[in-house]
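Visitor: Just need the structure, nothing else, for what follows:
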Amino acid sequence: YIHLSQASLSRSPHHGAPAVWVPLASDIEERMQREPGNSRESMGLESASTISATFGDFQKLGTSGYLQALGQILQRFSKHFHLFAGTGNVKSIRAYLHDEGVLSRVRFLGPMSDVSSVMNAIDVYLAPFPNTETSMLLKAMGAGKPAVVLRYPEGSPFNSSAELLGVPELAASRESEYAEIAMRLLRDRDARDRAAALVSSRFTSEFHPSLLGQRYLEFLKRLLTAPATH
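Guide: This next block holds a predicted model:
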């Protein structure tokens, strides 16, 4: 059994069977080097002092604590903008942000097959909670973007983002702390640079595409050399 997350491996009902954690990988770093992507000017965001983003399925975000945290961030920083790219009905998201008076600084880009084109424009990635798409978080990590996640109890299926990010200082233990971490990164460029270095190091050591082949080969060798069972 090959598991894409450590939490999935620990929860596996197949005790005693050969199993391994081989994480997802992303080649977004290579794609960004090949193509410069969109600039803030080309996206009409030249007036932004900082930009955050969230990618994925937004179907359940309309009533989430994540959305409240985003509203706080946008209210605190009057020149901060946020980008949404993905699927799902955003009507409730628009309504909430409109009521908070911050909708004018939010852009909905719709579904995107390749988010690498907008990565150069953003400063911080805000992972939604409780549900998140780890593949999108991984792409932000591969692009060297500081990310903020919410941490859940170990073993919880909702803890996949914190597990993937693997940087304790960027994983909030409660919803109010999530906004605090994001605002600290937006306020302090040096803090963003330090966080970006930690995220990039984590990506290079665990999720770079060059690592996958060797991990699969090592697991296959384990299977070939394991004692036969009857």
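
Visitor: what comes up buried for the helix or strand containing residue 186?
Guide: Element membership for residue 186 (DSSP states H and E) is helix 175-187. Neighbour counts over helix 175-187 (16 or more other C-beta atoms under 10 Å) mark 175, 178-183, 185-186 as buried. (Glycine included, C-beta is placed from N, CA and C.)

Visitor: show me where pLDDT drops low in this structure?
Guide: Where the chain drops to pLDDT under 70, the residues are 4-11, 23, 60, 62-63, 228-230.

Visitor: what ranges do the helices span in it?
Guide: Here the chain has its helices, by DSSP state H, at 6-10, 28-34, 65-76, 91-99, 116-119, 134-142, 160-165, 175-187, 189-206, 212-225.

Visitor: and of the ones you listed, who's closest to residue 108?
Guide: Of all the helices of the chain, it is helix 91-99 that lies closest to residue 108, at 7.7 Å by C-beta to C-beta.

Visitor: and residue 57, how many residues sit next to it?
Guide: By the measure other C-beta atoms under 10 Å, the count of residues near residue 57 is 15.

Visitor: separation between it and residue 26?
Guide: 18 Å (C-beta to C-beta, to the nearest Å).

Visitor: Residue 49 too?
Guide: Separation of residue 49 from residue 26 (C-beta to C-beta) stands at 28 Å.

Visitor: about what we covered before: in a markdown table, list the buried residues of helix 175-187 along with distance to residue 150.
Guide: A markdown table is the format used below for these (distance: C-beta to C-beta, whole Å):
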| residue | distance to residue 150 |
| --- | --- |
| 175 | 7 |
| 178 | 5 |
| 179 | 10 |
| 180 | 12 |
| 181 | 10 |
| 182 | 11 |
| 183 | 15 |
| 185 | 15 |
| 186 | 17 |
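
Visitor: So which of those is the closest to residue 99?
Guide: Using C-beta to C-beta, residue 179 is the member of the buried residues of helix 175-187 that lies nearest residue 99, at 17.5 Å.

Visitor: Now that that closest one has come up, it's in contact with residue 72, right?
Guide: Yes - using C-beta atoms under 8 Å, residue 179 makes contact with residue 72 at a distance of 4.7 Å.

Visitor: so what's in contact with those two at the same time?
Guide: Between them, residue 179 and residue 72 share no contacting residue under C-beta atoms under 8 Å, 6 or more residues apart in numbering.

Visitor: Tell me which residue is most central in this protein.
Guide: residue 137 (2.1 Å; C-alpha atoms, centre = their mean).
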